[in-house]
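Student: Here is a sequence together with a model predicted from it:
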Amino acid sequence: PFESSFVLQDGQLMIGHIIRLQIPEFTFLSACRTTVGVKSSPDEVFHLAAAMQFLGPHSVMGSMWSADD
């Protein structure tokens, strides 16, 4: 999960880089499907929300669905 990343307008923000930051107690991931893993590993819990929980916040909120913008 530490090689996961957020795709931003000007590049990627890797979980490995976020580890170096001070993380607040509550994290809200405002993007589609941030709590969905990969189909090739259905028994594994590898998604961005799980990776963020490893970093220390007490609560992480993400989304399991896509949204039509």
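Tutor: All right, it came through fine.
Student: all contacts plus neighbour counts: C-alpha atoms, from now on.
Tutor: Fine.
Student: so where is the chain shaky, pLDDT-wise?
Tutor: 1-2, 38, 41-46, 69 (pLDDT under 70).
Student: Relative to residue 7, how far out is the residue positioned nearest the centre of the chain?
Tutor: The centre of the chain sits closest to residue 48, judged by Cα atoms, centre = their mean, with a distance of 2.1 Å. Counting by Cα to Cα, to the nearest Å, the separation of residue 48 from residue 7 is 11 Å.
Student: do residue 54 as well
Tutor: Taken as Cα to Cα, the span from residue 54 to residue 7 is 19 Å.
Student: cool, and residue 22?
Tutor: Taking Cα to Cα, one finds residue 22 at 20 Å from residue 7.
Student: Show me which of residue 54 and residue 7 is the more surrounded one.
Tutor: The neighbour comparison of residue 54 against residue 7 (other Cα atoms under 10 Å) goes to residue 54, with 13 against 10.
Student: thought residue 49 was touching residue 61?
Tutor: Yes: assessed by Cα atoms under 8 Å, residue 49 is found in contact with residue 61 at 7.2 Å.
Student: what about the longest helix in the chain?
Tutor: Longest helix in the chain, counting residues (DSSP state H): helix 48-54.
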